[in-house]
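# sequence first, predicted model second:
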Amino acid sequence: MPVVEAKDLLDRKLDVCFTHGDVNGNGFLEAADSLALAARVATYLGEPMGSHKTQKLFQAFENFWKHVTIKMDTDNDGKISPEEWRKGLRKAFAEDPDGYKKGFHPVAEAIFSICDRDDDGSLGQSEFAKFHAAFGCTSANSQLAFEHLDADGDGTLTVEELLNAWHEYYTSNDPNARGNWLYGDPSDKTVAVGKPTR
């Protein structure tokens, strides 16, 4: 992996997830973006909209949006700018373990529950690739991410491993954290294209 200054790494990762969340591409995060991303994840994973897993996903995203707006929408305009997102996500989740546990961890749990199509507690590469497609990642970065996160090389990622990787991705400035590779090479400017892939 190319050397990335630790002080810049977390900001870079947060910028990538802003791109994931800005579903309509208007340069801001809004409540509609949050719900649209939840719907996109369910659709890409083939989960019916009325299922328990999908309802749990929507609830988790709604809960996340509540936490986000309280901590990040500093000008109270109902939307979050990239600057508000970067500063606020650090404060709300990276620097506040309790805030992360209440506001962000449930989103990860709900997403990986939907990804685990056979409910065996782990994701194969095809399940993981569908998660990435919903978030707009390139297939090359999806492959790269899987290889780096599959530490034992058994061809699967446990949901617990993915939850740990998610936590590291959104909170850690450690350049050696395995979770940095959640969406592929963290130094790759094309790691998120802003639109879902097929």
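Nice, thanks for sending it over.
# give me the outermost residue of this protein relative to its centroid.
Outermost residue of the chain with respect to the C-alpha centroid, by Cα atoms, centre = their mean, is Asp75; its distance is 24.9 Å.
# Leu157 sits in which helix or strand?
Secondary structure assignment for Leu157, by DSSP states H and E: strand 156-158.
# what helices or strands is that strand leaning on?
Of the remaining helices and strands, those touching strand 156-158 by 3 or more Cβ pairs under 8 Å, 6 or more residues apart in numbering; DSSP states H and E are strand 122-124. Where C-beta positions appear, they are placed from N, C-alpha and C, glycine not excepted.
# which strands and helices lie in contact with the strand it packs on?
Packed against strand 122-124 by the contact rule (3+ Cβ pairs under 8 Å, 6+ apart) you find strand 156-158, helix 159-171.
# quick one, phi/psi of the residue nearest to Asp11 when sequence neighbours are not counted?
Nearest-residue entry for Asp11: Arg86, 5.8 Å, with adjacent residues in sequence omitted and distances by Cβ to Cβ, 6 or more residues apart in numbering. Arg86 adopts backbone torsions of phi -60, psi -50, taken as degrees, to the nearest 10.
# ok, Arg86 touching Arg12?
No - shown here, Arg86 and Arg12 do not form a contact pair, counting by Cβ atoms under 8 Å, at 10.0 Å.
# picking up where we left off before, so who does the residue farthest from the centre of the chain touch?
With contact taken as Cβ atoms under 8 Å, 6 or more residues apart in numbering, Asp75 is in contact with Glu84.
# the biggest helix by length in the chain packs against which elements?
Criterion DSSP state H: the longest helix present in the chain is helix 52-72. In terms of contacts (3+ Cβ pairs under 8 Å, 6+ apart), helix 52-72 is packed against helix 31-44, helix 82-89, helix 97-103, helix 105-115.
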